[in-house]
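Chemist: 3D model of this:
(chains A and B)
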Amino acid sequence: MTKIGLEIHCQLTKLESKLFCSCKANYRENEPNTNVCPICMGLPGTLPRLNQKAIEKATLIAMALNCSTPEKIAFFRKNYFYPDLPKNFQITQLNIYGDTSVGGTGSIMVGDKKIRITRIQLEEDPGRLIYEGSSSKNQITLVDYNRAGTPLVEIVTEPDFENPKEVREFLNILSDLLENLDVSDPSLDGAMRADANVSIEGGNKVEIKNINSFHDLEKAVHFEITRQQSLFAREISIAQETRHWDDKRKITISSRSKEEDLDYRYFLEGDIPWIKIGKDIQEKLKLEMPESISSKKERYVTKYGISNQVADVLSSDKFYSNLFDKSHTDKNAKEIANIITTDLMGLVDTTAKRENSKLQPSYLSDLADAIQSGKLTRTSAKNALYEIVKTGKELSQIISELDLGNVSDQDELLKIVKQVISEEPQAVEQARSNPQTINFLVGKVMQKTKGKADPQLTLDLLKQNIE
Amino acid sequence: MNLKISALEFVDEVKNGNISAEDFVSATIDRIKDVDEKLHAFLQVNSKAVEQAREVDKKIKSGEKVGGCFGMPISIKDNICIKHSKTTCASKMLENFVAPYDATVISKLKQQDAIFVGKANLDEFAMGLTTEFSAYGPSRNPWNTDYVPGGSSGGSAVSVSAFECIASLGSDTGGSVRNPASFCSTVGYKPTYGLISRYGLISYANSIEQIGPITRTVKDTAFLLNILAGLDPNDNTTIDNGKKDYLSGIDSGIEGKKIGIIQEMMGDGIDSSVLSATNDAISKLEGLGAVCEETSIDMVKYSVASYYTIAATEAGSNLARYDNLRYGYDFPVEGFEFNSYISKARTKFGPEVIRRMILGGFVPSSGHAGKYFLKALKVKSKLTKEVTEAFKKYDYLVAPTVPILPFKIGEKIDDPIALFLVDINTVMSNLTGIPSISVPYAISNGLPIGMQLLSKQNEDKSLLKAAHALETTVKLPEVPI
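Modeler: All right, here's what the predicted structure looks like:
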């Protein structure tokens, strides 16, 4: 049986400041080495100043993944040399001297399968290395410490995955969960990174490091399984080793470094006293904990009769579900769910577009009401939505400006219907023998009215006039 | 100008207009010029000290609010960062490191209008107890310049003892304030762990070390503690002391207090003159109304081994950042592979630092941690238990600060084990976090002996009271320089 275990690194991008100093947690928009201070540069004499908010956010993740949370947590030093590590040790957490990291064992359901969580720990992200120069001979390594000290949560799973598909499903659920908890924006470059352990039946465990996105994680796991199976088929033994993911060539490469042999000499970080996570903090976090995705989905289905599929899409995205929750009434809930999932998702499909969107929840409610009352056709509503997102104007203004009002005046519509019938004799003939093809004529009417014709009325009039 | 006054006397004199800060600091700088070539207490003298003192005088004259130090000249051990000044740790590794920020203790002293006359010599990265391991040459004991001044805050103790400043800040990881204070006949105090912020103190063994004042009198230490103690958001290990006033009631005596005499600190190898001074001190304490009796703290016998194991482990980690990539000395990186560059760069460390870093790489390593590092932690926790027990019975503990007299420069430098044992009476306070203080007690053949008093955690105020009481029983000759 193939066994896959994951170590997910998730930056707490929603925090204001780094884990041990007041530099910004959002390091992405700065010139290299400007989002730094004596503390995150590890200058002589500086001490870590713990960001309590990070402890709370990390504990929130642990609770959402049903992990045990200890009474007291501690930090440890992981000692190793690397150019991106200003102190040449990383402040992290460890469970070998008792459960002292923010999260102990837990689990999460992925479909019908339970994926066990081994532990969750809070640590500091190192800086970033940038390699310049084409060949290894003239290659230079540049170091940008802007990222150094960014709060990072590591989520370690048991080897409970059997194939890349399960990995992908888990990652989808996990990134939705992290977004829903408002701890991290998984879409930011480098906010989610992972290592994976892969072993096939009869082979040794291989660790893959350096996977910089969830997208590549699935690919890397897939590649590694295939590589191991092909070795196995040729009766070549699979070495226990650490491999690196080459994201340009999309393959794993044996790492020649002796990383496996490193002795990290872990010991307690004396500069940060033990931190009590008392019952009161846990209770407070429980109250702050947003509604989970699965309970949201259930609410949408049972309360509003929204279809499973639509409820799935809606609940798993914090932006859309927030919008839905803020805009709907009991009456128009289903209509709003449909507008969001069929039209709005296409209009604001990137973070930038979401941020620039001028859509207010109340406008969405107005729009749904207009559809339900027959004031607007779905097609017109889609056009109106486009304008609202772009301009932020109220629905009534847009309807009059763009002349989107529904053509439901029977006389006016009848004129157009008759015109279409006279212009399309062949189609009329076809519609008589095959009623399903009448939609072509409906389409023609819609064309002439720029989508404003009431579809039901159009159909009725067409039917009456071709017989 | 009489430089031989205490901090409190200085404040009074300047406040009352009898002397100006400028004149006093200027005379202090002249004194440094006179004697420091011989003593080498300073690695750097502040060329702007007199000018800064003049500014304080201006404030006084114009009636502006003046900080409580009134331009008092203070020396600072060169492992504590002062903004825009070199902080070398007496190491070649940091010979060009200019700190871009002030340590918390420095900010606090600046607010109180203290003048930093210079950076004081130390054993490289505070590792040593003679100041012989300074990469810039040893300091000398003003009582006899052939002798070591103790360490690692040797420069600090020498500067106070030889009137090159009024007070100094040192750091105490295993005795580094109390040991040189004892050898140079000054007061040296290691506070409860967390009472004084370590932010800006360059770490050697961060879980056990503290910044501590070195002064002429116990009252001066209390005066400085009033300025330095308390919570600091930049040091998560600091404790809230409730803004105690350490000077008030300091002379209320120790009538009826119980004092334990630690047997393990007066055993084999103790110098006979130190032993008789200690017995004399005990009778003085009894004369003050205290009840003294012998007590035993069994784990003391393993404390030095435990201390060196823990200190080396933390040092190996704390000093790992000195890879010369971001700051340090001039040595270009081009053409080096990362690890080989670091290996090469780190050859600038001196012998004692290298010895402890190698030890620190070994004792916590997998396969050896159980035998060394974890065992050392066990000793630490057992020792803490024993000490806690002892303080259920006693208000204070007493022992000589160092069991032997100061020795000659070069005498023990090639015998690290003999040097390690000089720490036997001081490391306990660091391992257990309790406060302790060395008070000048006697002079034997022209060499000073210090007496150490210890109390339980957070009883610093009470400890200073006892130290002051003991101090009043002593009259010592003046330093012969």
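Chemist: which helix or strand lies directly C-terminal to the longest helix seen in chain B?
Modeler: For chain B, the longest helix by residue count, based on DSSP state H, is helix B:373-393. Next in sequence after helix B:373-393, counting helices and strands by DSSP states H and E, comes strand B:396-400.
Chemist: from residue A:299, how far off is residue A:308?
Modeler: Relative to residue A:299, residue A:308 is positioned 13 Å away (CB to CB, to the nearest Å). Just so you know, the C-beta spots here come from the backbone N, C-alpha and C atoms, and that holds for glycine as well.
Chemist: look at those two and report which has more neighbours.
Modeler: Ranked by neighbour count (other CB atoms under 10 Å in any protein chain shown), residue A:308 and residue A:299 place residue A:299 first, with 16 against 10.
Chemist: once you drop chain neighbours, what's closest to that one?
Modeler: With sequence-adjacent residues excluded and distances taken as CB to CB, 6 or more residues apart in numbering or on different chains, residue A:299 is closest to residue A:291, at 7.8 Å.
Chemist: give me the buried positions along the helix or strand bottoming out on mean pLDDT in chain A.
Modeler: Here the helix or strand of chain A ranked lowest by mean pLDDT, DSSP states H and E is helix A:395-402, holding a mean of 78. Across helix A:395-402, burial judged by 16 or more other CB atoms under 10 Å in any protein chain shown covers A:395, A:398, A:399.
Chemist: including distance to residue B:194, could those go into a markdown table?
Modeler: As requested, those are arranged in a markdown table below (distance: CB to CB, whole Å):
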| residue | distance to residue B:194 |
| --- | --- |
| A:395 | 63 |
| A:398 | 64 |
| A:399 | 69 |
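Chemist: neighbours around whatever residue of the stretch 151-300 of chain A ends up closest to chain B, how many?
Modeler: Nearest residue of the stretch 151-300 of chain A to chain B (CB to the nearest CB) works out as residue A:270 at 3.0 Å. As a burial measure, residue A:270 scores 22 neighbours (other CB under 10 Å).
Chemist: before we move on, the earlier item: figure out how far the least confident helix or strand of chain A is from the centre of its chain.
Modeler: Chain-centre distance of helix A:395-402: 35 Å, with CA atoms, centre = their mean, to the nearest Å.
Chemist: what packs against that helix?
Modeler: Contact partners of helix A:395-402 among helices and strands, from 3 or more CB pairs under 8 Å, 6 or more residues apart in numbering or on different chains; DSSP states H and E: helix A:361-372, helix A:378-391.
Chemist: buried residues in the following helix or strand past that helix?
Modeler: Moving toward the C-terminus from helix A:395-402, the next helix or strand (DSSP H and E) is helix A:410-423. By neighbour count with 16+ other CB under 10 Å, helix A:410-423 contains the buried residues A:413, A:416, A:417, A:420, A:421.
Chemist: quick one, what contacts residue 377?
Modeler: Picking chain A for this. A:371, A:406, A:451, A:452, A:453, A:454, A:455 (CB atoms under 8 Å, 6 or more residues apart in numbering or on different chains).
Chemist: ah, I was thinking of chain B
Modeler: B:306, B:310.
Chemist: got it, and residue B:32?
Modeler: Neighbour list for residue B:32: B:41, B:42, B:45, B:117, B:118, B:159, B:164 [criterion: CB under 8 Å, 6+ apart].
Chemist: could you export the host helix or strand of it as PDB, CA atoms only?
Modeler: In this assignment (DSSP H and E), residue B:32 forms part of helix B:21-39. Provided in PDB are the C-alpha atoms of helix B:21-39 (Å, rounded to 0.1, in the frame of the first residue of the first chain):
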ATOM      1  CA  ALA B  21      29.200  67.000  36.600                       C
ATOM      2  CA  GLU B  22      31.700  68.400  34.000                       C
ATOM      3  CA  ASP B  23      34.500  68.800  36.500                       C
ATOM      4  CA  PHE B  24      33.900  65.400  38.000                       C
ATOM      5  CA  VAL B  25      33.700  63.600  34.700                       C
ATOM      6  CA  SER B  26      36.700  65.500  33.400                       C
ATOM      7  CA  ALA B  27      38.700  64.500  36.500                       C
ATOM      8  CA  THR B  28      37.500  60.900  36.000                       C
ATOM      9  CA  ILE B  29      38.800  61.000  32.400                       C
ATOM     10  CA  ASP B  30      42.100  62.300  33.600                       C
ATOM     11  CA  ARG B  31      42.300  59.500  36.100                       C
ATOM     12  CA  ILE B  32      41.600  57.000  33.400                       C
ATOM     13  CA  LYS B  33      44.400  58.500  31.400                       C
ATOM     14  CA  ASP B  34      46.700  58.200  34.400                       C
ATOM     15  CA  VAL B  35      46.100  54.700  35.500                       C
ATOM     16  CA  ASP B  36      44.400  52.700  32.700                       C
ATOM     17  CA  GLU B  37      47.600  52.100  30.700                       C
ATOM     18  CA  LYS B  38      48.600  50.000  33.700                       C
ATOM     19  CA  LEU B  39      45.200  48.500  34.500                       C
END
